[in-house]
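[1] sequence and predicted structure below; questions after.
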Amino acid sequence: MQDDTFFDKVYKVVKCIPPGRVTSFGAIARFLGTGKSARMVGWAMNASHSQLENVPAHRVVNRVGLLSGKHHFEGGNVMQQLLESEGIKVSDDKVVNFAQLFWDPAKELVL
DNA sequence: TTGCTGACCGACG
DNA sequence: CCGTCGGCCAGCA
């Protein structure tokens, strides 16, 4: 699938995230094989606005479960509301039980 | 065309 | 424990 660029790969993985689950930038980056390029994953989220399909970027958080990208949403607590809407508890912009809700594409995503 | 920046992570001292 | 640095790729001026 060489047609898929790094961004497209990120979008695909993010869109494969099941509801009620969250993942981290590093997990996606490592899954894509970039590993250290976790920053690109976040940048892809920023570019996700260009994607016609809605990318559940609210399910993507940093390694500590912090809603690092919530500042990039409509500007409010939309990201937290979306997570809570899926059953994910969020406290102080952080995902509760992050370890349990953590979804690793390299393990749970079956190609 | 070149260069800087960016929602991060991991390693080192 | 905490501060600092390197690294990857794509978009924008």
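    Right, received. Where do you want to start? Numbering: from 1, shown residues only, chains lettered A, B, ... in the order given.

[2] going forward, measure contacts and count neighbours with C-alpha atoms only.
    OK.

[3] write out the residues of chain A neighbouring DNA strand C.
    Listed as neighbours of DNA strand C in chain A under the rule C-alpha under 7 Å from any atom of the strand: A:Thr5, A:Phe6, A:Phe7, A:Thr34, A:Lys36, A:Ser37, A:Ala38, A:Arg39, A:Met40, A:Ala47.

[4] please go through those residues and note which also touch DNA strand B.
    Restricting the residues of chain A next to DNA strand C to those touching DNA strand B (C-alpha under 7 Å from any atom of the strand) yields A:Lys36, A:Ser37, A:Ala38, A:Arg39, A:Met40, A:Ala47.

[5] contacting residues for the closest residue to A:His58 other than its chain neighbours?
    Distance criterion C-alpha to C-alpha, 6 or more residues apart in numbering; nearest residue to A:His58, sequence neighbours excluded, is A:Met79 at 5.2 Å. Shown in contact with A:Met79 (C-alpha atoms under 8 Å, 6 or more residues apart in numbering): A:His58, A:Leu67, A:Lys70, A:Phe73.

[6] all strands of chain A, in order?
    Taking DSSP state E to define them, one finds strands in chain A at A:23-24, A:60-61, A:90-91, A:94-95.

[7] so what does the first one touch, helix or strand wise?
    I take that to be strand A:23-24. On a contact count with 3 or more C-alpha pairs under 8 Å, 6 or more residues apart in numbering; DSSP states H and E, strand A:23-24 meets strand A:60-61.

[8] just to revisit the earlier point, now the strands of chain A as CSV including mean neighbour count and distance to DNA strand B?
    Formatted as CSV, the strands of chain A follow (neighbours: other C-alpha atoms under 10 Å; distance: least, C-alpha to the nearest atom of the strand, whole Å):
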stretch, mean neighbour count, distance to DNA strand B
strand A:23-24, 24, 5
strand A:60-61, 26, 7
strand A:90-91, 16, 16
strand A:94-95, 20, 12
